[in-house]
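here is a sequence together with a model predicted from it:
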Amino acid sequence: MRYVSTRGGVPPAGLTAALYAGPAPDGGLYVPEQLPRLELAARAEDEALPALAGRVLAPFAEGDPLAAELDSLAAEAFTFAAPLRPLRERDTFVLELFHGPTAAFKDFGARFLAACFRRLAHASPARLTVLVATSGDTGSAVGAAFHGMRGVRVVILYPDGRVSPRQAHQLGCFGDNVHALAVQGTFDDCQRLARRAFADLALRESVPLVSANSISLGRLLPQMVYYAHAALAQQRTGGAPLNFSIPTGNLGNAFACLLARASGLPIGDVLLATNANDVIREFFESGEYRPRPGRATLANAMDVGEPGNLERLRWLHPEPARAGLSAESVDDDTIRARIRDGERRHGETFDPHTACAVEALERRRRAGDARPWCVVATAYPAKFDSIVEPLVGHAVPAPPGLAAMLARAASSERLEADFDALRAWLLRD
């Protein structure tokens, strides 16, 4: 398998080369040169995620040195479950992706990417700097995955004051080789700083950079696995294909689902649920992409005004409406309402991001859609205790991994939303 840029300005690259590059040299994003056809028969109901990961990812690593390592990579990354559970309403499910060490779906991709670089370290005698922009959960997942790895420095850019208190604590709790920089701006500012760093060839000669955002294939590709797992579980029941309602801001998780579907997996329609930052919904409805500064909302991890993976989505589906793809935007008052009534209606406590997906699906149900649907739960609600607990009227205990992180001391360093400031920081040691 080779990968090409969405902009078509550079030669194809293998998987390993694409992992080191991050964004393609022409500023585009790497996508498969040809989509494989995954013909996976539904096996026993208890098929483990690592075994399925090897089957799903094999065509995407074919011909690359990492292909021989897929089984061990999957065994390192997929060490926790992604259960598909029924909700109270008929043919309605929830896919729980928050059982990893940092209680968010991004643990899967971050751990897979870190496992890749453990095996590739011998090819990079210089220290690598993993540069990641985060709107809340990516940074802690990457920090946890790469913490203590020899020859690797992790630099996390996050918008100061625009993540939940517990997310901020997670970002700063690692120390050692993991550095949290509190950027005085929005997530889009963080993302722009990271993009400029990857485009600065002189900087990259002095400081070898790799990306851990969802622009990285090492983050993106493994996220197909849990969609495959859920879709095949539904297939085993003999029912119609499972449709997914996915909370999204930067489109990485959603694109993984779309890529899995385009590769032949039994996935139906895909509904993208955003918060009040409705750039994606607007693009779907008007065909015009109008990026703008992100607005602060309760679902902070989706406070994105310039979705990083929209370029990939447009490559795969130039006309989204013809591809069973739609989007809904959910405001803060509605997020509160879905959290408040989640336990009564569905028997679940939802975080603000999952609440957006619940509302998006409920709109479909009210319009008469009775097909099988799955809400993708992307984060554990205890990460947002200051929002969730007053709405549900009781404490939401933190799972053990999150509790352990919150028990550590945490610190971060302030950084202006200025590229020269970031460049100087990266060069200083």
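Looks like it arrived, so ask away.

please identify the buried residues of stretch 11-29?
Neighbour counts over stretch 11-29 (16 or more other Cβ atoms under 10 Å) mark 13-16, 18-25, 28-29 as buried. From N, CA and C alone the C-beta is placed, and that goes for glycine too.

from those residues, which is closest to residue 424?
Distances from residue 424 to these, taken as Cβ to Cβ, are shortest for residue 22 (20.8 Å).

wait, doesn't that closest one sit right on residue 204?
No: counting by Cβ atoms under 8 Å, residue 22 stays clear of residue 204, with 9.7 Å between them.

okay, and the common contacts of those two?
Shared contacts of residue 22 and residue 204, defined by Cβ atoms under 8 Å, 6 or more residues apart in numbering, are found at residue 198.

helices along the stretch 201-350 of the chain, start to end?
In the stretch 201-350 of the chain, the helices defined using DSSP state H, counting those that start in this stretch lie at 201-206, 217-220, 224-236, 252-262, 279-286, 310-316, 332-346.

deepest in the core, which of those is it.
Most buried of the helices of the stretch 201-350 of the chain, by mean neighbour count (mean count of other Cβ atoms under 10 Å): helix 217-220, with a mean of 27.

which residues touch that helix?
Contacts with helix 217-220, where a contact means Cβ under 8 Å, 6+ apart, come from 3, 15, 18-19, 30, 60, 106, 109-110, 112-113, 116-117, 212-214, 252, 255-256, 259, 309.

sorry, back to before: now, among the buried residues of stretch 11-29, which is nearest to residue 182?
residue 22 (22.7 Å).

can you say which of the helices of the stretch 201-350 of the chain is nearest to residue 148?
Among the helices of the stretch 201-350 of the chain, the nearest to residue 148 by Cβ to Cβ is helix 217-220 (18.7 Å).

for that closest one, output the C-alpha coordinates as PDB.
Backbone C-alpha positions of helix 217-220 (Å, rounded to 0.1, in the frame of the first residue of the first chain) are rendered in PDB as follows:
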ATOM      1  CA  LEU A 217      -2.000   7.700   9.600                       C
ATOM      2  CA  GLY A 218      -0.700   6.000  12.700                       C
ATOM      3  CA  ARG A 219      -3.500   7.600  14.700                       C
ATOM      4  CA  LEU A 220      -6.100   7.400  12.000                       C
END
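
what about it, average pLDDT?
For helix 217-220, mean pLDDT is 96.

now intersect the contacts of helix 217-220 with the strands, please.
Among those, the members found in strands (DSSP state E) are 3, 30.

low-confidence ranges in the stretch 1-150 of the chain?
Applying pLDDT under 70 to the stretch 1-150 of the chain flags residues 42-46, 122-125.

that one: helices as residue ranges?
So, for the stretch 1-150 of the chain - with DSSP H, counting those that start in this stretch - the helices run 15-21, 49-61, 70-77, 106-120, 138-146.

of these, flag the one that's most buried.
Neighbour counts (mean count of other Cβ under 10 Å) averaged over each of the helices of the stretch 1-150 of the chain peak at helix 138-146, with a mean of 29.

I'd like the next helix or strand past it.
strand 152-159 (DSSP states H and E).

just checking: what are the partner strands of that following strand?
Looking at strand 152-159 with DSSP bridges, its partner strands are strand 128-133 (parallel), strand 178-184 (parallel).

quick one: contacts of the helix or strand just after it?
Where DSSP H and E defines the elements, the next helix or strand beyond strand 152-159 is helix 165-172. Applying Cβ under 8 Å, 6+ apart, the contact partners of helix 165-172 are 102, 134, 136-137, 139-140, 143, 156, 158, 163, 180, 182, 300-301, 382-386, 398, 402, 405-406, 410-412.

kindly recompute the last result at 6 Å.
Identification of contacts with helix 165-172 by Cβ atoms under 6 Å, 6 or more residues apart in numbering yields 136, 139-140, 156, 158, 180, 383, 405-406, 410-412.

and residue 41, what does it touch?
Per Cβ under 6 Å, 6+ apart, neighbours of residue 41: none.

now swap in residue 184 and tell me
By Cβ under 6 Å, 6+ apart, the contact list for residue 184 reads 160, 416-417.

can you put the residues you listed in a markdown table and add neighbour count, pLDDT and distance to residue 224?
Converted to a markdown table, the contacts of residue 184 look like this (neighbours: other Cβ atoms under 10 Å; pLDDT from 0 to 100; distance: Cβ to Cβ, whole Å):
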| residue | neighbour count | pLDDT | distance to residue 224 |
| --- | --- | --- | --- |
| 160 | 17 | 96 | 33 |
| 416 | 13 | 98 | 37 |
| 417 | 18 | 97 | 33 |
